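Engineer: This is the structure alone, sequence omitted:
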């Protein structure tokens, strides 16, 4: 009893463990169960000892050592094993009865009896075992008589010569395919143990153009289902990755080192050659760099570039290959006036794109065409909430009631209408600066030509203007510039003004603010000028001089620490209205006609940069993105060099 209980407990533990292993294992823990073999039929229905019988079905092992075939209990030799057919030899001493196929622990039995008939024809050999249409084949065996018919697969031979009861000759008929040879004699059938291999045929392949390492499909006839028996080469380069799909279709990967050439398929030392040539396409790897200016050198890397391969930059054909080209690299210069986009290679009539987008630098890209806005006059702009605000004008180009801010949203690429501008603030050429998140607008000329020295705080949230009398400049002026630096505000130049004023006092208590002036610059009364700041130096100039220069390109440097003036190199062009900004330690100026120049303070020189088409008197930086726009609502963005 105790032993029984111990055995019962052990069985329960084993059962529980088995249940846990089964329940805890995921689907990926188990390989799929192999499909059960199925026996469908056999042919011929009767044969003599030594004859061949083909047993058809599904899911047979393709290893003949893993199946056992018996004729009424007597083991037979398997001469060929495929997943859909087993070819066997009727053993000596076999008797009529069922045929069984045993695979592992499964035994399949034929539905009908096989009959042993010693008078049935037998094929003991065929010679040759391969050939093509009209090849004469000698078939040896027994019981060949007058009227015997021969079939290659399902196609009947029309030319047959009976040599004796043990030998006959037949010519391979047209349209025959690789398969068993059959002899029909006295109403009984004999099947060859081996296939007669017809010469392979290539009827076509797809795609006809492909790159190295990619798979193509070869269509035709008389291919082998055994991968190693299909020898494929592209020209003289052998393929190694071959997958038979059927006797009429092969899949193969284009081998490394190949070239455009004909495809060869050999089966049993018989070769077929494609009518047309396979076209090798280039393999695209990468290009460097992924950005640059017009005329910059770009290097494409890959494999199998043809000497006549065409290169396209955003669908514009490249013509400058002075830098050189080879089978693995192509170098070209970025064509003028193309836009950012894809780089592609066209070869063999096929155009393929590299991944990624090439960015054109030092160029202006139009983000919004002329929006048809009413001319907003001589305005100012500032950035608030990552949007560009522009407005404030004299009102003589626009009726006073229609004066309002316009707002450009770079994210949405839209213009919208902002708050109304009160008539008292409608002046020409005011300036603005932002300090501690507060926006200040001041100076300018009213409709009657009076120059303002007043400053207002503007609240974009409600559109209100707040006047702070203590912030008045010492003189009224217009066409000046304003900026902030190290948490201080500065206003300088302008009509009848030769000074730069610095605002001092508490940043939060506006009632205590006041302006202090540095030394005046001699013989310089500039307005409509541009300004940019590098470190503690203010660079400003160009515009219009009321000291007799007229429109000019003179430029000056003012140090905020030492409060000293110096002349620098002139802007290359004279421009009445310009805009300036600073980026990466260099200054930039965009003239009213769209010309752009870069100033490098180390050598102290100007460099001509990309220009914008059209008049763009306004400029702003939003999240380090540089935008310029016209009074009619055209917006362009500058793509800087990296």
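Structural biologist: Cool, the structure landed. Source: prediction; values computed, not measured.
Engineer: Any buried residues in the helix or strand residue 53 falls within, and which?
Structural biologist: Assigned by DSSP states H and E, residue 53 falls within strand 52-58. Residues of strand 52-58 classed as buried: 52, 53, 54, 55, 57 (neighbour count, 16 or more other CB atoms under 10 Å). All C-beta spots, glycine's among them, are computed from the backbone N, C-alpha and C.
Engineer: Which secondary structure elements does that strand sit against?
Structural biologist: strand 38-43, strand 85-89, strand 99-103, strand 188-198 (3 or more CB pairs under 8 Å, 6 or more residues apart in numbering; DSSP states H and E).
Engineer: rerun at 6 Å
Structural biologist: Strand 52-58 sits against strand 38-43, strand 85-89, strand 188-198, with contacts defined as 3 or more CB pairs under 6 Å, 6 or more residues apart in numbering; DSSP states H and E.
Engineer: what mean pLDDT does that strand have?
Structural biologist: Average pLDDT, strand 52-58: 97.
Engineer: How about stretch 492-510?
Structural biologist: 73.
Engineer: Same question for stretch 622-637.
Structural biologist: Here the average pLDDT along stretch 622-637 is 88.
Engineer: Other residues contacting it?
Structural biologist: Under the contact criterion CB atoms under 6 Å, 6 or more residues apart in numbering, stretch 622-637 has outside partners 364-368, 370-371, 373, 375-376, 383, 386, 410, 415, 590, 612, 615-616, 618-620, 638.
Engineer: same check, this time on stretch 113-133
Structural biologist: Taking contacts as CB under 6 Å, 6+ apart, the residues outside stretch 113-133 that touch it are 46-48, 50-51, 94-97, 99, 137-143, 172, 174, 181, 183, 185, 188, 190, 192, 194, 197, 199, 268, 270.
Engineer: residues contacting residue 479?
Structural biologist: 429, 494, 495, 527, 528.
Engineer: Show the pLDDT at it.
Structural biologist: 77.
Engineer: In three-state terms, how would the spatially most central residue of the chain be classified?
Structural biologist: Residue closest to the average C-alpha location in the chain (CA atoms, centre = their mean): residue 355, at 3.8 Å. In three-state terms, and counting by DSSP: H, G, I helix; E, B strand; the rest coil, residue 355 is coil.
Engineer: Could you export the helices and strands packed on strand 52-58 as TSV, including mean neighbour count and mean pLDDT?
Structural biologist: Listed next are these as TSV, based on neighbours: other CB atoms under 10 Å; pLDDT from 0 to 100:
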stretch	mean neighbour count	mean pLDDT
strand 38-43	16	96
strand 85-89	22	97
strand 188-198	21	96
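Engineer: In TSV: those, plus distance to residue 242.
Structural biologist: Compiled in TSV, the helices and strands packed on strand 52-58 are given as follows (distance: least, CB to CB, whole Å):
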stretch	distance to residue 242
strand 38-43	28
strand 85-89	22
strand 188-198	17
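Engineer: so where do the helices sit in this structure?
Structural biologist: With DSSP state H as the criterion, the chain has helices at 2-24.
Engineer: what residue ranges in it score low on pLDDT?
Structural biologist: For the chain, residues meeting the criterion pLDDT under 70 lie at 1-33, 374-378, 393-402, 424, 447, 504-512, 522-524, 548-549.
Engineer: Show me how it divides into domains.
Structural biologist: With domains defined by automatic domain parsing, the chain comprises 38-116, 122-198, 201-281, 283-356, 365-639.
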